[in-house]
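>>> whatever this is, show me its structure:
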Amino acid sequence: MLSNSYIFHLLKVCVAKAYLEVQLTLSDVILNPLTETMLYTAIVGEFIDKIMDTIRSTPQHRYQLLTKRAERMAEYFSTREVPVNAWLGVTVESSAVKHRIDALRHLPASVRFLSCEPLIDAMGEMDLTNIDWVIVGGESGPKAAPMKEEWALQIQTQCEKQGSTFFFKQWGTWGSDGVKRNKHENGKLLNGKVWQAMPA
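Residues are numbered from 1 along each chain as shown. The predicted model follows:
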């Protein structure tokens with residue numbers, strides 16, 4: 001496991017890199033792997049507090065904190081304020097883990113989002129109450145599983161009905177036609193349209 005000091009160093013590097021690139025303009029700092037590590041049960045709350053302080057001290061950046069450890073994230077923020085510039089998200093790749101949404105929906109974040117990527121089966125009915133943004137995408141890599149178009153469209157329809165912003169990232173290794181090829185060739189059209197809206 002990474003040491004606390006090294007994880008904190010990674011965060012500072014992310015912040016410094018973004019600062020140099022944008023020169024005080026807004027940028028997204030996506031900390032998915034780091035969020036997974038810092039929400040590991042062995043990491044103490046006081047250390048995570050330091051990371052949140054760093055996030056607060058760099059308001060020119062918007063941090064997307066994404067994790068599969070939804071219950072751990074809910075436990076941490078049950079006694080602490082979420083930084084205004086931190087978006088909180090959970091990975092929901094299949095119907096078997098939809099319970100993670102319940103751990104997220106009541107957290108007092110400026111934006112709460114789901115990452116249904118890689119989407120590996122049909123999600124079925126979803127309760128998107130208090131969910132601002134839903135990202136969907138197929139799996140990439142040599143062992144990627146195909147994603148069916150109807151799975152993504154079912155989520156898009158539910159987002160539209162329930163008022164959540166929908167973002168289709170990519171098809172991944174398998175195209176909408178069921179053919180395996182380079183993910184860049186498969187593109188990001190869903191039902192003939194690019195869906196890449198961001199929360200207001």
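>>> drop to CA atoms for contacts and neighbour counts, all remaining ones
OK.
>>> give me the neighbour count for residue 187.
Neighbour count for residue 187, taken as other CA atoms under 10 Å: 17.
>>> same deal with residue 159?
Neighbour number of residue 159 under other CA under 10 Å is 21.
>>> for it, give me phi and psi.
The phi and psi values for residue 159, taken as degrees, to the nearest 10, are phi -60, psi -40.
>>> state the mean pLDDT of stretch 142-149.
Stretch 142-149 shows a mean pLDDT of 95.
>>> let me redo that: stretch 102-122
Stretch 102-122 comes out at a mean pLDDT of 97.
>>> off-centre distance for that stretch?
Mean-position distance between stretch 102-122 and its chain equals 7 Å (CA atoms, centre = their mean, to the nearest Å).
>>> list the buried residues in stretch 110-126.
Residues of stretch 110-126 classed as buried: 111-123 (neighbour count, 16 or more other CA atoms under 10 Å).
>>> now render the residues you listed as TSV, adding distance to residue 49 and secondary structure.
What follows is the buried residues of stretch 110-126, written out as TSV (distance: CA to CA, whole Å; DSSP: H, G, I helix; E, B strand; the rest coil):
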residue	distance to residue 49	secondary structure
111	20	coil
112	20	strand
113	22	strand
114	23	strand
115	24	strand
116	28	strand
117	28	coil
118	30	coil
119	32	coil
120	34	coil
121	36	coil
122	37	coil
123	34	coil
